[in-house]
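S.K.: After the sequence you'll find the predicted model.
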Amino acid sequence: MSHEISSLPGSKPRILIGREDHDRLTKLASAVAERSPDIAEELLVELDRAEVVETGDLPAGVVRMGSSVAYRSNDGQQRRVVLVYSGEADISVGKISILTPIGTALIGLSAGQSIDWTARDGHRHQLTVINVENPEPVTGKNG
C-alpha cells in the first residue's frame with residue numbers, strides 16, 4: 001500500500017506556481033473581476049491555495065503559463081493543449097486561455113495529478129495530467 005497522500009473525491013490536489021506567474025495571474029484576475037466575476041473568483045481560489053515558489057525553483061514537470069499539457073478527461077479522450085493568456089488563445093490550434101475553467105484547473109498540476117472542474121455549462125468533469133512540456137526559459141536573444 002502506498003504511503004502517498006491521495007486526494008479525496010472532490011478535493012483538490014496540491015499545486016505549485018512560480019512567483020512570476022502567480023503575480024501576473026493575480027493581476028489578471030483582478031482586472032477581469034468586474035466583467036467576469038466567476039472566472040476571476042475561480043482563478044483567485046486556485047492562486048490562493050497554491051504553494052508559491054521562486055520561478056527558477058519550479059520543477060520542470062509543473063504546468064505553468066506556456067506549458068504544453070497532455071491530459072486524459074473522464075470521458076477517456078486524451079488531448080494536448082498549450083496554456084496561454086486570453087489574447088493568445090486559439091482552440092483550433094490547441095491554445096487554451098487561463099481564463100477558462102479547464103485552463104484554471106490545469107495551472108500548477110504535475111503529471112499523474114487529477115482534478116475535478118466544472119465547465120461553463122455546469123457539468124462536472126475530471127482530468128488527469130499525463131505529461132507536461134515547458135518552454136525553454138528566456139535567457140536572451142540570439143542575433
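M.R.: Yep, that arrived.
S.K.: Give me the sheet partners of the lowest-mean-pLDDT helix or strand in the chain and which way each runs.
M.R.: The helix or strand of the chain with the poorest confidence is strand 114-118; it has a mean of 91 (mean pLDDT, DSSP states H and E). Strands that pair with strand 114-118, judged by DSSP bridges, come out as strand 124-133 (antiparallel).
S.K.: Return the per-residue confidence for the residue minimising distance to the centre of the chain.
M.R.: With distances taken as CA atoms, centre = their mean, the chain has I107 as the residue nearest its mean C-alpha position (1.7 Å). Per-residue pLDDT puts I107 at 96.
S.K.: With V81 as the reference, measure out to it.
M.R.: 12 Å (CB to CB, to the nearest Å). Any C-beta I mention is one placed from the backbone N, CA and C, and that applies to glycine too.
S.K.: do the same with R24
M.R.: Distance, R24 to V81, using CB to CB: 19 Å.
S.K.: I'd guess K27 is in a strand, am I close?
M.R.: No - under DSSP: H, G, I helix; E, B strand; the rest coil, K27 sits outside any strand and is assigned helix.
S.K.: which ones are touching it?
M.R.: Going by CB atoms under 8 Å, 6 or more residues apart in numbering, K27 touches no other residue.
S.K.: And it, how far from D21?
M.R.: Distance of K27 to D21, given as CB to CB: 11 Å.
S.K.: buried sites along stretch 51-60?
M.R.: 52, 58 (16 or more other CB atoms under 10 Å).
S.K.: So what's the residue count around the closest residue to S73 other than its chain neighbours?
M.R.: Closest residue to S73 apart from its sequence neighbours, by CB to CB, 6 or more residues apart in numbering: L127 at 5.2 Å. Neighbour count of L127, defined by other CB atoms under 10 Å: 22.
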